[in-house]
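**Q** A structural model of the following input is requested.
(one chain, ligands or ions: 1)
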Amino acid sequence: MTSLEAQARARVREQALGIAAGWSPPDAPPEWALTAESFRAIATEPDLLALAADIPADRLPPLLLSAAIRHLVARHAPAPLAGYYPTPGSGQPTLDEGYRPALVAFAREHAGELGQLCAEHRYQMNEVARSADVLAALSRLDPAEPIALVDLGTGAGLGLHLDRYRYDFAGRTLGDGDAALTIAPELRGRPAPLPARMPEIAARVGVDVEPLDLDDHRVLAWLAACIPPETTAVDRFAAASTVAREHPATTARADVVDGLLDLCAGMPRDARLVLVDTYVHVFLSGDERARFRRQLAALGRDVEWISVDPLVPLGGEGTESTQYLPVPPRALEATRQGVTGVIGHLSVGRDGTSDGEVLGLAHPGGAWLEWL
Ligand SMILES: C[S@@+](CC[C@H](N)C(=O)[O-])C[C@H]1O[C@@H](n2cnc3c(N)ncnc32)[C@H](O)[C@@H]1O
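**A** So this is what the prediction gives:
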């Protein structure tokens with residue numbers, strides 16, 4: 001092994017152990033154990049580590065490899081390995097000591113196919129539970145005013161349908177009782193607010209450099225493989241992707257910075273313009289973020305921007321809000337403990353004046369919501 005290969009393995013090992021730790025805090029529900037064990041295996045099993053270390057560093061190697069494995073397991077349904085992974089409605093299968101050897105044997109046998117999948121795909125995580133974080137922030141707007149919703153970096157467009165899901169905030173509910181999906185985060189801190197009624201969405205559009213077409217079964221299968229093998233996450237994705245397919249929404253292929261003015265120009269002026277961004281701004285460069293912020297003042301109309309993004313730079317050292325809002329000490333503390341979504345709301349007036357604050361914190365997979 002060359003020293004470069006050894007370095008790559010050490011880096012990937014550290015990343016995989018970090019992800020495993022994120023899925024195994026002291027209060028982790030038992031359903032998280034399979035995800036944690038999968039990343040521990042990537043970190044410590046030489047065959048898995050070698051596969052992950054072959055993936056370019058900027059393509060999130062441990063996450064991409066874990067998605068490729070799940071994709072291939074879903075395709076080949078090998079026994080006993082396939083039986084360890086939840087499918088929609090299955091509940092969480094029992095994890096036992098047979099999982100790891102089965103995983104390693106499968107990866108060894110299919111190393112070529114796994115390498116090919118990793119070369120062809122990006123890790124694409126769409127998490128509809130973040131809609132609860134957005135909804136809580138929307139409670140600050142006038143409930144009587146319809147919304148023109150622009151979902152920035154929409155991916156598969158699950159966030160475009162936030163009014164079609166039901167929410168349960170520790171027994172306080174909003175949304176249709178017959179909704180296909182109920183999003184019920186554990187509430188921490190002050191009770192997160194719910195809007196007085198479901199926002200009326202007068203117009204909705206998503207934008208993404210790489211929009212994802214859920215009607216393409218290959219796309220759907222890949223996105224499902226990117227969902228952590230945790231039963232509630234798997235069920236949530238299945239339900240939300242069905243909702244999105246039943247309600248086709250407009251999605252533009254564009255860059256959120258370069259395309260912003262054109263996109264907003266197409267939105268009705270008699271509705272409140274709301275830009276939503278979940279886990280998108282964190283991936284922009286400092287220059288792109290600054291250009292985006294400047295453009296808000298150039299829109300020529302009042303705009304609300306709700307962001308659920310980790311502090312930047314991404315990682316435990318993050319200190320700055322992607323919206324340039326003052327960062328409360330609790331957000332810094334949570335960031336040091338693991339990837340945390342920081343919920344911010346910034347209003348920018350047509351005259352260029354602005355006002356905003358950090359409102360809360362959220363688990364990246366929607367497990368909890370902490371209002372500040
Ligand atoms: C981590 S995913 C989040 C998807 C979705 N918002 C969610 O929270 O589930 C980030 C998405 O942003 C898109 N994206 C990243 N940079 C972008 C840019 N400059 N312009 C438009 N879309 C971008 C990616 O293609 C990807 O679909």
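**Q** near the ligand, which residues of the stretch 1-150 of the chain show up?
**A** M125, N126, E127, R130 (Cβ under 6 Å from any ligand atom). Where you see a C-beta, it was placed from the backbone N, CA and C, and this is true even at glycine.
**Q** just checking, the third one touches A362?
**A** No. Applying Cβ atoms under 8 Å as the test, E127 and A362 come out as separate, 10.1 Å apart.
**Q** quick one, which of those two is more surrounded?
**A** Neighbour count, other Cβ atoms under 10 Å: between E127 and A362, A362 has more, with 29 against 24.
**Q** most centrally placed residue in the chain?
**A** When Cα atoms, centre = their mean is applied to the chain, the residue found nearest the centroid is E127 (4.1 Å).
**Q** That one looks like it's in a strand, true?
**A** No. Secondary structure of E127 (DSSP: H, G, I helix; E, B strand; the rest coil): coil, not part of a strand.
**Q** Check the spacing between it and A82 real quick.
**A** 24 Å (Cβ to Cβ, to the nearest Å).
**Q** do the same with E31
**A** 18 Å.
**Q** Looking at these two now, which is surrounded by more residues?
**A** Taking other Cβ under 10 Å, E31 and A82 do not tie; E31 has more neighbours (20 against 17).
**Q** which residues does the more buried one contact?
**A** The neighbourhood of E31, defined by Cβ atoms under 8 Å, 6 or more residues apart in numbering, consists of Q92, E230, T231, T232.
**Q** Would you mind putting the CA coordinates of the lowest-mean-pLDDT helix or strand in the chain into CSV?
**A** Lowest on mean pLDDT, DSSP states H and E among the helices and strands of the chain sits helix 3-22, with a mean of 90. Written as CSV, here are the backbone C-alpha positions of helix 3-22 (Å, rounded to 0.1, in the frame of the first residue of the first chain):
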residue,chain,number,x,y,z
SER,A,3,1.4,6.2,1.7
LEU,A,4,-1.3,8.0,-0.3
GLU,A,5,-3.5,4.9,-0.1
ALA,A,6,-2.8,4.6,3.6
GLN,A,7,-3.8,8.3,4.1
ALA,A,8,-7.0,7.8,2.1
ARG,A,9,-7.9,4.8,4.3
ALA,A,10,-7.1,6.7,7.5
ARG,A,11,-9.3,9.6,6.4
VAL,A,12,-12.2,7.4,5.4
ARG,A,13,-11.9,5.4,8.5
GLU,A,14,-12.2,8.6,10.6
GLN,A,15,-15.2,9.8,8.6
ALA,A,16,-17.0,6.4,8.9
LEU,A,17,-16.4,6.3,12.7
GLY,A,18,-17.7,9.9,13.0
ILE,A,19,-20.9,8.9,11.2
ALA,A,20,-21.2,5.8,13.3
ALA,A,21,-20.8,7.9,16.4
GLY,A,22,-23.6,10.2,15.2
